[in-house]
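>>> all I have is the shape, not the residue letters:
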């Protein structure tokens, strides 16, 4: 299986790669869109500034290839900043993003300590029988590890599969068909995070 982790110098690539390797997959970490065409699955990691990340994706001519890959229906996972970049725009510099998911990325409300950093619980929207397969075997209200100052605010809530409370409830998992994204870092979240990656890999193998 060919699992591409996009390298645009804005992600914690080593820890993501190690987590995937622990689940039996050696990812191809690359920033060359010519490798996207025959990929079975793709991960867009990210930490830091959304504005800088979009600049980096544009400079590497990766924006349209990422959009095309998602439109192809193959499994795609955005991690942390990788979730925020899927939306139309970010409040950080009022900059356009990938525009795959309608909505905006917003700064956490004033008065909260930012970044939101550490362990927090994730509450699933659906009962077990109706959950997206990427959530299989993960208990409701499991704790995952977060580091972020902005949050994704999708216009349509159907894809919001889980929320987390930090001053406000925000989208912590977006999952709709092949398109999956998390505000937390699965690779830093212990056994439940590894189960999340394992489920994503299983989706890719079955696709």
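That came through fine. Everything numeric here is computed off the predicted structure, so don't read it as measured data.
>>> which helix or strand contains residue 119?
Secondary structure assignment for residue 119, by DSSP states H and E: strand 116-124.
>>> what residues sit buried inside that strand?
For strand 116-124, a neighbour-count test (16 or more other C-beta atoms under 10 Å) marks 116, 120, 122, 124 as buried. Placement of C-beta: from N, CA and C, glycine included.
>>> does the third one really touch residue 162, like I thought?
Meaning residue 122. Yes: counting by C-beta atoms under 8 Å, residue 122 does reach residue 162; the two are 4.7 Å apart.
>>> other residues contacting the strand holding residue 119?
Surrounding strand 116-124, the residues in contact under the criterion C-beta atoms under 8 Å, 6 or more residues apart in numbering are 108, 131, 135, 140-149, 161-166, 172-173, 184.
>>> angle of the next helix or strand after it against strand 116-124?
Remark: after strand 116-124, the chain's next helix or strand is strand 142-148, criterion DSSP H and E. Calculated by axes from the mean of the first three to the mean of the last three C-alpha atoms, to 10 degrees, strand 142-148 forms an angle of 140 degrees with strand 116-124.
>>> now strand 142-148, how far from the centre of its chain.
12 Å (C-alpha atoms, centre = their mean, to the nearest Å).
>>> which helices and strands does the helix or strand bottoming out on mean pLDDT in the chain pack with?
Using mean pLDDT, DSSP states H and E, the weakest-scoring helix or strand in the chain turns out to be strand 95-96, at a mean of 92. Applying 3 or more C-beta pairs under 8 Å, 6 or more residues apart in numbering; DSSP states H and E, we find strand 95-96 packed against helix 50-59, strand 87-90.
>>> what about the chain, any weak spots by pLDDT?
Within the chain, not a single segment meets pLDDT under 70.
>>> can you map out the helices along it?
Taking DSSP state H as the test, the helices found in the chain are 13-22, 50-59, 63-71, 81-84, 190-206.
>>> looking at those, which is nearest to residue 33?
Closest to residue 33 of those, according to C-beta to C-beta: helix 63-71, at 3.8 Å.
>>> what does the closest one contact?
With contact meaning C-beta under 8 Å, 6+ apart, helix 63-71 is reached by 6, 33, 36, 39, 42, 44, 54, 57, 76, 98-100, 178-179.
>>> for those residues, work out which two are farthest apart.
Largest pairwise distance in the contacts of helix 63-71, by C-beta to C-beta, is 22.1 Å, between 54 and 178.
>>> if anything else comes up later, I'll come back, but that's it for now.
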